[in-house]
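In: Okay, here's the prediction I keep looking at, along with the sequence it came from:
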Amino acid sequence: MGDVSGLGRRLQDVRGNESLDSFAQRLEVHRNTLFRYEKGESYPDARIIYMLRMKFDVNPDWLITGEGPMHIEDGRTAGYDFELLEKITNILDGLEWVLEKRGREMNFETKKGWIKYLYKQLKQENTAEITRDKVEGVIVEVDELKKQEG
């Protein structure tokens, strides 16, 4: 953790020279929360990503994956499904529950990987419903791959 790469660095790019306090206030989060986002110690939820899009014209694709332009033009909001981001949050909650039931935890790096993976997958499938069973299936597949590699 503490690595200021990826999303944390992109958040710093959006903030630019604005103070942490001022930027946090505009995003309606506590400055310590924003600090943890920027330092890569936690990950913003769908509401924060939505706020960045609406208040700063930040491209959610760029913010989450680092791909595409930093900003999107006015009028192009329709292509971004913010319900999708909320869905990802719910899926991750379910995934953490499944792992907990199996006596495992999801560390922050794993969670970041899942967010990026789910965002890309759900965006491609657009209206895809991901159930707890499907998430469990992915975990089993990942475990099998690890066994084969190990």
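Out: Looks like it arrived, so ask away.

In: Quick check: which helices or strands does the top helix by length along the chain pack against?
Out: Using DSSP state H, we find that the single longest helix of the chain is helix 82-101. If you count contacts as 3 or more C-beta pairs under 8 Å, 6 or more residues apart in numbering; DSSP states H and E, helix 82-101 packs onto helix 46-56, helix 108-125, helix 132-149. For glycine as for every other residue, the C-beta is placed from the backbone atoms N, C-alpha and C.

In: got a list of contacts for the shortest one?
Out: Contacts to helix 46-56, defined as C-beta atoms under 8 Å, 6 or more residues apart in numbering, come from residues 11, 14, 26-29, 37, 44, 58-60, 63-64, 71-72, 77, 80, 82, 85-86, 88-89.

In: quick check: mean pLDDT across it?
Out: In this model, helix 46-56 carries a mean pLDDT of 85.

In: Make 2 the starting number, not 1.
Out: With 2 as the first residue, the last one maps to helix 47-57.

In: Could you list the low-confidence segments of this structure?
Out: 2-6, 74-84, 109, 124-140, 142-147, 149-151 (pLDDT under 70).

In: Go ahead and flag the most central residue of it.
Out: residue 116 (4.6 Å; C-alpha atoms, centre = their mean).

In: How about the contacts made by it?
Out: Counting by C-beta under 8 Å, 6+ apart, residue 116 touches 44, 65, 89, 93.

In: Distance of it relative to residue 45?
Out: Separation of residue 116 from residue 45 (C-beta to C-beta, to the nearest Å) stands at 10 Å.

In: try residue 56
Out: Using C-beta to C-beta, residue 56 is found at 13 Å from residue 45.

In: who's more crowded, these two?
Out: Between residue 56 and residue 45, counted using other C-beta atoms under 10 Å, the more crowded position is residue 45 (23 against 12).
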